[in-house]
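J.: fold the stuff below for me.
(one chain, ligands or ions: 2)
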Amino acid sequence: MATEMATELKQELMRVRREARELYSRDQVEEAVAKVAIKLAEDYSERFPVFVTIMNGGLVFAGQLLTRLDIPLEVDYLHASRYLGETSGGDVQWIVTPTANLEGRDVVILDDILDVGSTLLSIIEACKAQGAASVKTCVLVDKVHDRKAQPGLKADYTALEAEDLYLFGMGMDYKGYWRNAPGIFAVEEA
Ligand SMILES: O=P(O)(O)OC[C@H]1O[C@H](OP(=O)(O)OP(=O)(O)O)[C@H](O)[C@@H]1O
Ligand code: HPA
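T.: Ligands and ions are numbered 1, 2, ... in the order given. Down below sits the predicted model:
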């Protein structure tokens, strides 16, 4: 029954948070974000780029990063998802496309995590198809494993690396929850 399931989910969400392993504290994340911001500010200071955040996961990272960039830039977002509240991914589904005209623009895509990389690859392709002059990617965390959609796939800017565990916090969700967790946490197997 629906109510019983909801109770189970509530208990699971509390257990996952309680038992999670902190990989990076909020302060460590902020420090890493500040370093990436320095590089981006150098590279884009005179290019009037558009920074496109991938919702929902990219929200927290973008919020931290953008205010550290004192350069003229535009902010836009798109919503694409291939996990849809689950912990394993399917095909990338586009929910909202960017409103800015990307033709001729220098585009920087912001996201929380590069895992397999299918999401970023699909978005890079879509931005190029719209005529972007350049498309670079910037992620908060790169999950280290050998299942990348293309061997050796990396973002152009990476704040942190993490081991091959299911992560949440700083924008990354566990079953739709805990994006707000203050740090990067790994789910401990029950
Ligand atoms: O590298 P990949 O294996 O493609 O996974 C990375 C993507 O997965 C998550 O999004 P999700 O589909 O969960 O949507 P969300 O942003 O709403 O959480 C995350 O925010 C990335 O966009
Ligand atoms: O480890 C993860 N956590 C949250 N969202 C994700 N999307 C891809 N991998 C992950």
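J.: for the protein, which spans come out with low pLDDT?
T.: 1-5, 190 (pLDDT under 70).
J.: if I look at the residue in it that ligand 1 sits nearest to, how far off is Ala132?
T.: Nearest residue of the chain to ligand 1, counting by CB to the nearest ligand atom: Gly57, 2.4 Å away. All C-beta spots, glycine's among them, are computed from the backbone N, C-alpha and C. Distance, Gly57 to Ala132, using CB to CB, to the nearest Å: 21 Å.
J.: give me the more crowded residue out of the two.
T.: Between Gly57 and Ala132, counting by other CB atoms under 10 Å, Gly57 is the more crowded of the two (25 against 21).
J.: okay but the more buried one is in contact with Tyr174, surely?
T.: No - contact criterion CB atoms under 8 Å: Gly57 and Tyr174 do not qualify, at 11.9 Å.
J.: may I have the phi/psi pair for Val139?
T.: Main-chain torsions, Val139, degrees, to the nearest 10: phi -120, psi 150.
J.: what's the neighbour count on it?
T.: Around Val139 there are 27 residues (other CB under 10 Å).
J.: how about the residue nearest the centre of the chain, secondary structure?
T.: The structure's the chain has its C-alpha centroid closest to Asp112; by CA atoms, centre = their mean the separation is 1.7 Å. Using DSSP: H, G, I helix; E, B strand; the rest coil, the structure places Asp112 in strand.
J.: and it, how far from Asp70?
T.: The value you get for Asp112 to Asp70, if CB to CB is used, is 23 Å.
J.: returning to what we had before: which ones are touching the residue nearest to the centre of the chain?
T.: When contacts are counted by CB atoms under 8 Å, 6 or more residues apart in numbering, Asp112 touches Ile54, Gly57, Gly58, Val60, Phe61, Val139, Leu140, Val141, Met170, Gly171, Met172.
J.: mind checking which of the residues you listed are buried?
T.: Ile54, Gly57, Gly58, Val60, Phe61, Val139, Leu140, Val141, Met170, Gly171, Met172 (16 or more other CB atoms under 10 Å).
J.: quick check: the second one is in a helix.
T.: This means Gly57. No - under three-state DSSP, Gly57 sits outside any helix and is assigned coil.
J.: which residues of the chain lie near ligand 2?
T.: Contacts of the chain with ligand 2, taken as CB under 6 Å from any ligand atom, map to Tyr83, Ile113, Asp115, Tyr166, Leu167, Phe168, Met172, Asp173.
J.: adding secondary structure, write those out as TSV.
T.: What follows is the residues of the chain next to ligand 2, written out as TSV (three-state DSSP):
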residue	secondary structure
Tyr83	coil
Ile113	strand
Asp115	coil
Tyr166	coil
Leu167	strand
Phe168	strand
Met172	strand
Asp173	coil
